[in-house]
Each structure stands twice: as C-alpha cells, then as structure tokens.
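Colleague: Here is my input; please provide its structure:
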Amino acid sequence: MKKREIDNKYIYWGVTAISVVAAAILIYFAFLRFDKILYIIGQAFVILRPLIYGIIIAFLLTQSYNFFERRIYKLISKKFEDKNKARKISKVSSVTISILILLLILFLIFYVLIPKLMINVLAIIEALPNSIDNIEIWLKDILKSNSTIEKFVLDAINNSSNTILKWMTTGVLPTFENIFSGLTSGLNGMYIFLKDFLIGIVFSIYIVINKKSFLNKTKKIIYAVLGPKRGNDLLDNGRYSYKVLNGFIKGKLVTSLGIGVACYILMIIFGMPYALIISLLVGITNIIPFFGPFIGWIPGVVIMLINDPMQALYFTIIVIVLQQIEGNIIAPKIVS
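Modeller: Residues are numbered from 1 along each chain as shown. As a prediction, the model looks like this:
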C-alpha cells in the first residue's frame, strides 16, 4: 500500500513536470511565431464574424424578446386552443418586433445622430478662435490690476486652446469624417458588413428562439462533467451573478439615458449651444461608476467656457442637480 502511494506520488510529479515543460515549449514557439498566430486569429475572426455578430445581437435582443414574448403569449393564448401554436406565434412576433426596434435604433444612431454630432463638432471648431478671443478680452478686463497673473492665465489659455484645437482638428474631426465617409462611400466594406450583419441576424433569431434548448443542453453537460451537487452550485452562482450584473447594467443604462435626455432638455430650455453633443457625453460617461459624471462634465464645461463663461457656470449647476437627483432618488429605485 505504501509502495503504491509512493509510485502514485512520483507519477503525479512526473506528469506535472512534463506538462510544465510542454507548456513552456508551446509558449516559447508562440512568441517566435506571434505574427503567424495573430494572422490565424484574425482569419478565424473573419470566418466567425457572422456568428459573433449573431451572439452579440442575440444578447441585445434577449431583454426585449422576453418582454414581448410573455405579453403576446398571454394576449393570444386565450384565443388559441393549441398552446404550442400560440407559443410559436408569440416567439415569431416577439423576435420580429425586437429586430425592428434594433434596426430603428441603429438607423437613428448612424444616419441621424452621427451627422448631427459632426455638424456640432464643425461648429465648435469654427467658433473656437473667436470664442478664445472673447475669453481673453473678458479675462484681461478682470485681471488688468495684476499683470503677472494676467500673463500666466493668458499663456495657459493660449496653450490649452492650441492643444484643444489640434486635438479636435486632427483627432475628433477625422474620426467623424471616416465614419461618415464609410457610411456613404465605402461600398465594398459596407457590403461585407451588411452581409455579415444579415447572417448574424439569422443566427441571432435561431439563438433567441432556441435559447431554452441551448440552456438545457448546457445544464446536461455541466451535470455530466461536475456531477449534480457541484453542477447545481455552479448554476446557482451563475444565475445569481447574471441577475446582479444584468440588473446593474440595465439600471445604469436606464438612468444614464434619463440623465442624458434631461440634460439635453434643460440645455435647450436655457438656450445653451451644442446641447446634443454635450448631453450625449454626459449620458455616456454617466454609465461609468463614481468618476463618470466628472469625466462627462469636463469636456462639456470646457466647450461652454469657450462659448460663454456664465453658461459654463449654469451647465455646472445643471450637472450637479441632475447627479444629485440621479444618485439619491432615481438610481437607488432603479438599480436596486
């Protein structure tokens, strides 16, 4: 018995040593052929791109599909004696409505929102030199009694304005131009994207409609590999993690959308310029926990400051009020 235990110990250490050596050799050759590995990964991504699109689309459609499927089935199940037929109709109707909503959102983003954002960016770049001159005149009038501070502040504004203008003309503007030109003139790339996207939609429909079957098969595999007890523990932890993460993401998206819309409405009411682009920045960065509101406030207040310092103060007050309402009233009710 003792001899067998010793033999098993040596076998275990031998297998471990061989595995470590084999892994080290594989890592060494992977570094030597890193460019080839990246090429293979890239080609695999190109081949699997429609499936990847399908998985992403299916994830995006799941929430709206579940929402409509429950309600449509409840509505039509009373009119059909065959419950399976009512279930099929509710599934087809729900996935169709969900895809139409997704396509509408994509249309609004790429053909309505992005062109308007580009117009706002161009307007900011065009108005930037005159706005900087106005700020310099305003600061000269305030700081005329102290020439040292005046020189320091004006030099800082000139350096900052040159940096901002360079960033917007060489960074932001070309990005919007590339997106816009790709949407309008990149026919070959657009054809490839549309082809993969349409195939992805077909995959997503199949995944969403048959998700219960996929989940059941996944459960069987987990039980076969881990056993009933460990399998149940893994599934329970997975369900709880998904529930918490999904609830947090949905809550943050809803609250951030509300903050962005409220900021846009208030900026329009107070006659502030560039309301769309600034509100979009505020809404998107609000998704980031803790530092998101501050990150969204910085570019907005800089743009407002360039246009009118008093409007920068009003914008700061709007952001603070919205964040207090969101953090103390809206977020606890929705995210919880």
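
Colleague: For the rest of this, base every contact and every neighbour count on C-alpha atoms.
Modeller: OK.

Colleague: G260: neighbour count?
Modeller: Applying other C-alpha atoms under 10 Å, we find 23 residues neighbouring G260.

Colleague: same for the helix or strand containing it, what does it pack against?
Modeller: Using DSSP states H and E, G260 maps to helix 228-269. Applying 3 or more C-alpha pairs under 8 Å, 6 or more residues apart in numbering; DSSP states H and E, we find helix 228-269 packed against helix 211-226, helix 275-285, helix 309-325, helix 331-335.

Colleague: any low-confidence regions in the stretch 101-250 of the chain?
Modeller: Applying pLDDT under 70 to the stretch 101-250 of the chain flags residues 114, 124-125, 127-129, 131-148, 150-190.

Colleague: okay, which residue is most central for this structure?
Modeller: I284 (8.4 Å; C-alpha atoms, centre = their mean).

Colleague: Not including adjacent chain positions, what is the nearest residue to that residue?
Modeller: Excluding the flanking residues, the one nearest I284 by C-alpha to C-alpha, 6 or more residues apart in numbering is S256, at 6.7 Å.

Colleague: so how far is I109 from the one you found?
Modeller: As judged by C-alpha to C-alpha, to the nearest Å, S256 and I109 stand 17 Å apart.

Colleague: In terms of neighbours, single out the busier of the two.
Modeller: S256 (23 against 13).

Colleague: wait, that one sits on I287?
Modeller: Yes - with contact defined as C-alpha atoms under 8 Å, S256 reaches I287; the gap is 6.0 Å.

Colleague: Break down the stretch 51-200 of the chain into its helices, ranges please.
Modeller: In order along the chain, the stretch 51-200 of the chain carries the following helices (DSSP state H, counting those that start in this stretch): 83-108, 114-143, 147-167, 173-184, 187-209.

Colleague: Would you mark the buried spots in the last one?
Modeller: Judged by neighbour count (16 or more other C-alpha atoms under 10 Å), helix 187-209 contains these buried residues: D196, F197, I199, G200, I201, V202, F203, S204, I205, I207, V208, I209.

Colleague: Now I288. Its backbone dihedrals?
Modeller: Phi and psi for I288, reported as degrees, to the nearest 10, are phi -70, psi 130.

Colleague: Number the chain from 42, please
Modeller: With the count now opening at 42, the last piece we talked about shows up as I329.

Colleague: How many neighbouring residues does it have?
Modeller: 15.

Colleague: Kindly report the same for F311.
Modeller: For F311, the count of nearby residues is 11 (other C-alpha under 10 Å).

Colleague: Tell me who's in contact with L307.
Modeller: Taking C-alpha atoms under 8 Å, 6 or more residues apart in numbering as the criterion, L307 is in contact with I359.

Colleague: Now with 10 Å, please.
Modeller: Counting by C-alpha atoms under 10 Å, 6 or more residues apart in numbering, L307 touches M313, A316, S320, F356, I359.

Colleague: go on, I98?
Modeller: L92, I140, L143, F238, G241, I242, V243, F244, S245, I246, I248, V249.

Colleague: In contact with the last one, which residues?
Modeller: Taking C-alpha under 10 Å, 6+ apart as the contact definition, V249 lies against G95, I96, I98, A99, F100, L102, T103, Y106, N107, K132, V136, F255.

Colleague: Pull out the buried residues from those.
Modeller: Buried among the contacts of V249 (16+ other C-alpha under 10 Å): G95, I96, I98, A99, L102, T103, Y106, K132, V136.

Colleague: Mind putting the contacts of V249 into a markdown table with distance to P269?
Modeller: Formatted as a markdown table, the contacts of V249 follow (distance: C-alpha to C-alpha, whole Å):
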| residue | distance to P269 |
| --- | --- |
| G95 | 31 |
| I96 | 28 |
| I98 | 32 |
| A99 | 29 |
| F100 | 28 |
| L102 | 31 |
| T103 | 28 |
| Y106 | 31 |
| N107 | 28 |
| K132 | 31 |
| V136 | 34 |
| F255 | 18 |
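
Colleague: between the residues you listed, which is closest to F332?
Modeller: F100 (27.3 Å; C-alpha to C-alpha).

Colleague: how near is that closest one to G368?
Modeller: For F100, the distance to G368 equals 28 Å [C-alpha to C-alpha].

Colleague: What of V342?
Modeller: Per C-alpha to C-alpha, V342 is found 21 Å from G368.
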